[in-house]
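Undergrad: here is my input, please return the structure:
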Amino acid sequence: MTMPTQQTPIDSPFGYRSTAREVVSGIDLSGKNVLVTGGYSGIGTETVRALAGAGAHVIVGARRAQQAEAVLAEAEGAITVLPLDLSDPASIDTFAAGLSEKFGQLDILINNAAVMANPLTRDARGYESQFATNHLGHFQLTARLWPLLLAADKARVVCVSSIGHRLNALDLDDLNWERREYEKWPAYGAAKSANALFALHLDKMGEPHKVRAFAVHPGGIATPLQRHLTMDEQKAMGWYDDEGNTHEAFKSTEEGASTSVWVAVSPLLEGIGGVYCENCNIGAVADDDTPAGAGVYPHIRDEELANELWLKSQKLTGISWPA
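TA: Numbering: from 1, shown residues only. From the prediction side, this is the model:
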């Protein structure tokens, strides 16, 4: 097994304002099967459009399948929409079984779907919804699709994390907010930290089998992900001005999708994995001079923490990762 990739930027021709279509331009994905969860809203839609436009057969896992069909109706390329609710373990298993019947391999898995800063809600198991949907749902889905990833010549798993990981790490003794009073932003920070830690450990598991995993921060983008926040809250955080204009640093959805697509297809990442990427590059470790909207905090590079989260996730989902 190789040593973990260093969390150090490389020489990438793309950057902050690159779009998903620019990143995939010139790359032929014919014959590749790609799954994008939540690929019908926000950056997910642009991720699907870019990859399908490059020749991939893109499967979209959608909690609102009819809405997804409508959103993607005019997109070019081969796109298949299948129902998937990441907060429902039975839905995940049904989706994965159906996918396995239709496809012999999965070349790229983009764990994109998410909820953010919502009021306290719990799934049928009693698990807090941000952690359950953003992390545990994708953990279970990736496990169920592991044989399809192994069947590919080389596969990549993209876990969409967030700069929100910098809010805080995660409390392994109270992942579901049963002992503490629930706070929506620390819960989000924990879930996004979990996404990055999952990629770190998954890459270690997958590297011997030519399955590489990455975490991605898309950037600040105005999307339906903010549905649980009032405009006053968003103005207070500086996302919008008093006239309702987004902050100049915000990306368009096409720009926001670019890093997920770059990580999924870039030949520059051959032999690399486990790293957190932003702005179409490997992110730099944060220091005192790093701006608030960028950089990698040390806790998401903690291999021991990643292993402990993995073991907890197996226990919470009842899933032993397939050999």
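Undergrad: residue 216: what secondary structure?
TA: The three-state label given to residue 216 by DSSP: H, G, I helix; E, B strand; the rest coil is strand.
Undergrad: compute the number of surrounding residues for it.
TA: Residues contacting residue 216 under the criterion other CB atoms under 10 Å number 31. Backbone N, C-alpha and C define where each C-beta goes, glycine included.
Undergrad: repeat for the one 4 residues further on
TA: Around residue 220 sit 18 other residues, with neighbours defined as other CB under 10 Å.
Undergrad: pLDDT of stretch 280-300, averaged?
TA: On average, the pLDDT along stretch 280-300 is 87.
Undergrad: please enumerate residues in contact with it?
TA: Residues from elsewhere that reach stretch 280-300 (CB atoms under 8 Å, 6 or more residues apart in numbering): 5, 7-10, 12, 14-16, 18, 23, 161, 163, 165-166, 169, 193, 196-197, 200, 215, 217, 219-220, 249, 258-259, 262, 266, 272, 275-279, 301, 305.
Undergrad: helices - which of the residues you listed land there?
TA: Counting by DSSP state H, the part of these found in helices is 23, 193, 196-197, 200, 258-259, 262, 305.
Undergrad: from residue 249, how far off is the closest residue to residue 175 other than its chain neighbours?
TA: Spatially, and ignoring its direct neighbours in sequence, residue 175 is nearest to residue 131 (5.7 Å; CB to CB, 6 or more residues apart in numbering). Note on residue 131: its distance to residue 249, by CB to CB, to the nearest Å, is 28 Å.
Undergrad: which residues in the stretch 101-250 of the chain form strands?
TA: Per DSSP state E, counting those that start in this stretch, the stretch 101-250 of the chain carries strands over the ranges 108-111, 155-160, 211-217.
Undergrad: can I get the ones you listed in JSON lines with distance to residue 180 and mean pLDDT?
TA: Shown next, in JSON lines, are the strands of the stretch 101-250 of the chain (distance: least, CB to CB, whole Å; pLDDT from 0 to 100):
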{"stretch": "strand 108-111", "distance to residue 180": "26", "mean pLDDT": "98"}
{"stretch": "strand 155-160", "distance to residue 180": "25", "mean pLDDT": "98"}
{"stretch": "strand 211-217", "distance to residue 180": "25", "mean pLDDT": "97"}
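Undergrad: could you export those strands as CSV, including distance to residue 283?
TA: Shown next, in CSV, are the strands of the stretch 101-250 of the chain (distance: least, CB to CB, whole Å):
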stretch, distance to residue 283
strand 108-111, 18
strand 155-160, 14
strand 211-217, 7
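Undergrad: out of those strands, nearest to residue 87?
TA: Nearest to residue 87 among the strands of the stretch 101-250 of the chain is strand 108-111; the distance by CB to CB comes to 14.1 Å.
Undergrad: parallel or antiparallel, which strands does that closest one pair with?
TA: If you go by DSSP bridges, strand 108-111 pairs up with strand 33-37 (parallel), strand 155-160 (parallel).
Undergrad: which residues in this structure form helices?
TA: So, for the chain - with DSSP H - the helices run 20-24, 43-53, 65-71, 89-102, 129-131, 137-144, 146-151, 184-206, 231-236, 253-256, 258-265, 303-317.
Undergrad: dump these into CSV; add distance to residue 110, mean pLDDT and mean neighbour count as well.
TA: Formatted as CSV, those follow (distance: least, CB to CB, whole Å; pLDDT from 0 to 100; neighbours: other CB atoms under 10 Å):
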stretch, distance to residue 110, mean pLDDT, mean neighbour count
helix 20-24, 11, 98, 23
helix 43-53, 6, 97, 27
helix 65-71, 15, 95, 15
helix 89-102, 14, 97, 16
helix 129-131, 19, 96, 24
helix 137-144, 10, 98, 24
helix 146-151, 12, 98, 18
helix 184-206, 12, 95, 24
helix 231-236, 26, 63, 12
helix 253-256, 13, 94, 22
helix 258-265, 6, 98, 30
helix 303-317, 19, 97, 16
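Undergrad: what about those, which gets the closest to residue 30?
TA: Judging these by CB to CB, what sits closest to residue 30 is helix 43-53, at 11.2 Å.
Undergrad: who's in contact with the nearest residue to residue 89 once chain neighbours are set aside?
TA: Nearest non-adjacent residue to residue 89, counting by CB to CB, 6+ apart: residue 140, 6.2 Å away. If you count contacts by CB under 8 Å, 6+ apart, residue 140 has them with 89, 92-93, 317, 319.
Undergrad: run the last query once more with 10 Å
TA: 86, 89, 92-93, 96, 132, 313-314, 316-319 (CB atoms under 10 Å, 6 or more residues apart in numbering).
Undergrad: now swap in residue 185 and tell me
TA: 116-117, 130, 164, 167-168, 237.
Undergrad: hang on, the earlier thing: closest to residue 31 out of the contacts of residue 140?
TA: Taking CB to CB as the measure, residue 31 lies nearest residue 96 of these, at 21.6 Å.
Undergrad: nice, that's everything, thank you.
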